[in-house]
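> Quick one, what's the 3D model for this:
(chains A and B)
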Amino acid sequence: MIEFTYARASDPSHALLLGAADGARYLGGGTNLVDLMRETVEQPRELVDVSGLPGTIEETAQGGLRIGAAVRNTALAEHPLVRRHYPLLARAILSGASAQIRNMATVGGNLLQRTRCTYFYDEDGSRCNKRQPGQGCDAIEGFNRGHAILGASPACVTVHPSDMCVALAALGATVHVEGAEGPRAIAFGDFHLLPGDTPNVETSLQPGELITAIELPPLPLAANSTYRKVRDRASYAFALVSVAAALRVEDGKVADVRIALGGVAHKPWRAAEAELALIGGPASESAFRAAADAELAAAKPLSQNAFKIELAARTITATLLQLAGDAA
Amino acid sequence: MPILVNGTSVPAPADPRVSLLDLLREELQLTGSKKGCNQGACGACTVLVDGERVLSCLTLAVQAEGRSVTTIEGLVVEGAMHPLQQAFIEHDGFQCGYCTPGQICSAVGMIEEFRRGLPSHVTVELADNPNELTRDELTERMSGNLCRCGAHNGIVDAILATYTQAEAAE
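Now for the predicted structure:
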C-alpha cells in the first residue's frame, strides 16, 4: 500500500472540499477500496472518510424511500419498509458477500465497487485496459468463465460484481450526487457505463462528486418481487447469473414487469427487451422463456462462458414463474 | 481520538495504512485475531466493532477511532471462558484452531443480529422476523467464516448448542 493521508469528513460540504484535492478518494466501508489499495491497483493520495456522514432511510413525499449513501448494507436489508415494499432489494443485499462485509459496506460504496476480474487485480502479471488504459485485455483469451455475455467490448469483457445494484436497476432508482457545481440526480440506468473504448471510466460521476443518497420510486409492483442468484457455492460467492424481478399479473396477463440481470455485463443489466415482450401477453412459462430469449438474442459468449446464456434464460423463466405463482 | 480495545484505551496509529488487524496483532500483541487471507475472503480476522462483527483486515485502524473493539481476548471475563469457547471444545469445533477466534467472534455478532430480527438469504418470509435458528439459517449466517480443516459440522453443533439449547432452557 502506498502512503496516503486520511481525513474524516464532518459533513457533505466538508467532504466535497477535501474530495476536490488531486488524488483524493472517498472511503466508505473500505471492503473493496482497502483491498485494492493493498494490491496497489488503487493508489489514492488522500482518503476522505465519508462513512460517518448522516445515514438515514426516510420515506419521500411521493411514497418512495430515500437512502443515505452511508447507510450500511445490513441496515438497508433489515429495514421493515424495504422488506415489505421492495423485497427484491433486501434479498439481493442478503445474497451478497458475507455478514461481516455487509455490516461494513455502505450503499454508496456498493455502487462504486470495482470488478473482481482476476486480471484487473493482478497488477504484476496481467494486462488490463481498465487498470492501465491501452494495455490490452488478458481475459478475452484467458479465464473468462465468469465474464460478460452482453454489452462487452474488445477492450473489456468483465462484469459488475454487485447484487444490490441489480435490484436498484430493476426498480429504476435515482442516484443523488453532489459536486462543485451543486447537486444533481442521475437515473440508475445512466449511472454505470458499458466499457466501450474506455473501460477505466465506470460511472457518470464527475471528479470529486460525492454520492449522497439513493432514491427508490414508489412502486407497488415491487411488493411481488424477488432476487434469484446462481453461483458456484451456496453462499459467499459472486453471481454467475442473477435476476431481480417484479411482476403483476391480471386476468392471466402480464400487467407490469421489471427485470434486471447481474453477472452478465459491465453494468447491472435492465432487461428492457424482455419487459417489452412480456407486457400485455400471457403469464405463461412459454411466454417467459420467449421473453428471456428475446433479451438474450444479442448475447455473445466468450470461450468459457457460453453456458451463461442458457443459464440466464432459465433463471429469468424460473424467477417469473415463481412470482406468477398460481396465476401462471 | 483513541480506540477502545477490550475496554482499554489505545491511541490510533500515526500511519493510516495500518489495518485494525495489524494494530491488534503487532502493536497490542493481541494475537488471537488471525491473518488468514488478508483480503476479506476467510473471516479469520473477525472482531466486533461497537458490537457488530466486521473484518479487521479490511478496516483501517484509524477508522476505528472513537469506537469500541472486542477481540477473542475480550470475550473472556475474569478468567472464565465464554460459553461458546467451552462449546467449541465439547463439540470438536476445531482442529488446527486458526479460524476459531474469528468463528467465535462472528457467532457472537451473529446471534445478536438474529435476535434483533435480521433476516438472511435463506429466510422464507422476509416481512416476519425469523424465529428459529435452524441449521440452514446458521450455516448461511456463518458463511463468511471458512474452516479449511473441515470442522464446520462441529462448529455448527457448538453454536447451536450454545444458543438454541440454552434459549430452550430459559
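
> What residues does residue 28 make contact with?
Defaulting to chain A. A:50-51, A:69-70, A:105-106, A:108-109, A:112 (CB atoms under 8 Å, 6 or more residues apart in numbering or on different chains). Glycine gets a C-beta too; all of them are placed from N, C-alpha and C.

> wait, I meant chain B there
Residue B:28 neighbours (CB under 8 Å, 6+ apart): B:5, B:10.

> if we can go back for a sec, so, if you compare the contacts of residue A:28, which one comes nearest to chain B?
Nearest to chain B, judged by CB to the nearest CB, of those is residue A:51 at 7.1 Å.

> related to what we said a few turns ago, want to try JSON lines for the contacts of residue A:28, with pLDDT, secondary structure and distance to residue A:251 as columns?
Formatted as JSON lines, the contacts of residue A:28 follow (pLDDT from 0 to 100; DSSP: H, G, I helix; E, B strand; the rest coil; distance: CB to CB, whole Å):
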{"residue": "A:50", "pLDDT": "98", "secondary structure": "coil", "distance to residue A:251": "49"}
{"residue": "A:51", "pLDDT": "97", "secondary structure": "coil", "distance to residue A:251": "49"}
{"residue": "A:69", "pLDDT": "98", "secondary structure": "coil", "distance to residue A:251": "42"}
{"residue": "A:70", "pLDDT": "98", "secondary structure": "coil", "distance to residue A:251": "45"}
{"residue": "A:105", "pLDDT": "98", "secondary structure": "coil", "distance to residue A:251": "42"}
{"residue": "A:106", "pLDDT": "98", "secondary structure": "strand", "distance to residue A:251": "43"}
{"residue": "A:108", "pLDDT": "98", "secondary structure": "helix", "distance to residue A:251": "42"}
{"residue": "A:109", "pLDDT": "98", "secondary structure": "helix", "distance to residue A:251": "44"}
{"residue": "A:112", "pLDDT": "98", "secondary structure": "helix", "distance to residue A:251": "43"}
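
> Reformat these as JSON lines; add neighbour count.
JSON lines is the format used below for the contacts of residue A:28 (neighbours: other CB atoms under 10 Å in any protein chain shown):
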{"residue": "A:50", "neighbour count": "27"}
{"residue": "A:51", "neighbour count": "21"}
{"residue": "A:69", "neighbour count": "28"}
{"residue": "A:70", "neighbour count": "23"}
{"residue": "A:105", "neighbour count": "27"}
{"residue": "A:106", "neighbour count": "27"}
{"residue": "A:108", "neighbour count": "26"}
{"residue": "A:109", "neighbour count": "24"}
{"residue": "A:112", "neighbour count": "21"}
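
> the helices in chain A, which residues?
For chain A, helices defined by DSSP state H occupy the ranges A:12-19, A:33-38, A:73-78, A:80-85, A:87-94, A:99-104, A:107-112, A:118-121, A:164-171, A:188-191, A:272-278, A:285-296, A:307-324.

> how about the first one against chain B, any contact?
Read it as helix A:12-19. No. Helix A:12-19 stays clear of chain B (CB under 8 Å from any CB of the partner chain), getting no nearer than 13.8 Å.

> tell me what that helix is packed against?
strand A:24-27, strand A:46-49, strand A:174-179, strand A:210-216 (3 or more CB pairs under 8 Å, 6 or more residues apart in numbering or on different chains; DSSP states H and E).

> from the helices of chain A, which stretch is densest packed?
helix A:164-171 (a mean of 29; mean count of other CB atoms under 10 Å in any protein chain shown).

> Pull that helix out as PDB, backbone CA atoms only.
Listed in PDB are the C-alpha atoms of helix A:164-171, where the atom choice follows Å, rounded to 0.1, in the frame of the first residue of the first chain:
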ATOM      1  CA  MET A 164     -27.700  -4.700  -4.700                       C
ATOM      2  CA  CYS A 165     -27.300  -2.700  -7.900                       C
ATOM      3  CA  VAL A 166     -29.200  -5.300  -9.900                       C
ATOM      4  CA  ALA A 167     -32.200  -4.700  -7.700                       C
ATOM      5  CA  LEU A 168     -31.800  -0.900  -8.000                       C
ATOM      6  CA  ALA A 169     -31.700  -1.200 -11.800                       C
ATOM      7  CA  ALA A 170     -34.900  -3.200 -11.800                       C
ATOM      8  CA  LEU A 171     -36.500  -0.600  -9.500                       C
END
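
> which secondary structure elements does it contact?
Counting by 3+ CB pairs under 8 Å, 6+ apart, helix A:164-171 packs on helix A:87-94, helix A:107-112, helix A:188-191, strand A:210-216, strand A:225-230, strand A:241-250, strand A:253-262, strand A:269-270.

> what does that helix contact?
Looking at what lies outside helix A:164-171 - CB under 8 Å, 6+ apart - the contacts are A:73, A:76, A:86, A:88-89, A:91-93, A:96, A:107, A:110-111, A:188-189, A:192, A:214, A:216-217, A:219, A:222, A:225, A:227, A:242-246, A:258-262, A:267-270.

> same deal with stretch A:39-47?
Contacts for stretch A:39-47 (CB under 8 Å, 6+ apart): A:1-2, A:4-7, A:18, A:21-27, A:33, A:36-37, A:120-121, A:123, A:131, B:16, B:60.

> Which residue does chain B have closest to chain A?
Closest point on chain B to chain A, by CB to the nearest CB, is residue B:144, at 2.6 Å.

> Now do the contacts for that residue.
Residue B:144 touches A:97-101, A:236, B:43, B:46, B:106, counting by CB under 8 Å, 6+ apart.

> Check what pLDDT it gets.
Per-residue pLDDT puts residue B:144 at 98.

> now the residue of chain A most remote from its centre: how far from residue A:174?
Here chain A reaches farthest from its C-alpha mean at residue A:251, the gap being 33.4 Å by CA atoms, centre = their mean. Residue A:251 sits at a distance of 32 Å from residue A:174 (criterion: CB to CB, to the nearest Å).

> domains in chain B, as residue ranges please.
Per automatic domain parsing, the domain ranges recorded for chain B read B:3-75, B:83-169.

> What mean pLDDT does the first one get?
When the per-residue pLDDT values of domain B:3-75 are averaged, the result is 98.

> gap between it and the chain center?
11 Å (CA atoms, centre = their mean, to the nearest Å).

> end to end, how far does that domain reach?
Counting by CA to CA, to the nearest Å, the length from the leading to the trailing residue of domain B:3-75 is 17 Å.

> list the contacts for residue 90?
Just going to use chain A. A:76-79, A:82-83, B:119, B:126.

> wrong chain, I was asking about chain B
Contacts of residue B:90 by CB under 8 Å, 6+ apart are B:158, B:161.

> Tell me the predicted confidence for it.
For residue B:90, pLDDT reads 97.

> Name whatever forms a beta bridge with the nearest residue to residue B:70 once chain neighbours are set aside.
Distance criterion CB to CB, 6 or more residues apart in numbering or on different chains; nearest residue to residue B:70, sequence neighbours excluded, is residue B:48 at 4.2 Å. With DSSP bridges as the criterion, residue B:48 is bridged to residue B:53, residue B:70.

> do you know how far residue B:48 is from residue A:276?
49 Å.

> Could you give the number of residues near residue 3?
As the question left the chain open, I've gone with chain A. 9 (other CB atoms under 10 Å in any protein chain shown).

> nope, chain B please
24.

> dump the residue contacts of the residue nearest to it when sequence neighbours are not counted.
Once flanking residues are discounted, residue B:3 sits nearest to residue B:64: 4.8 Å by CB to CB, 6+ apart. Residue B:64 makes contact with B:3, B:12, B:20, B:49 under the criterion CB under 8 Å, 6+ apart.

> so what's the residue in the stretch 151-300 of chain A that chain B sits nearest to up against?
Closest contact between the stretch 151-300 of chain A and chain B, by CB to the nearest CB, is at residue A:235 (3.6 Å). Contacts for residue A:235 (CB under 8 Å, 6+ apart) come out as A:98, B:121, B:139-140, B:143.
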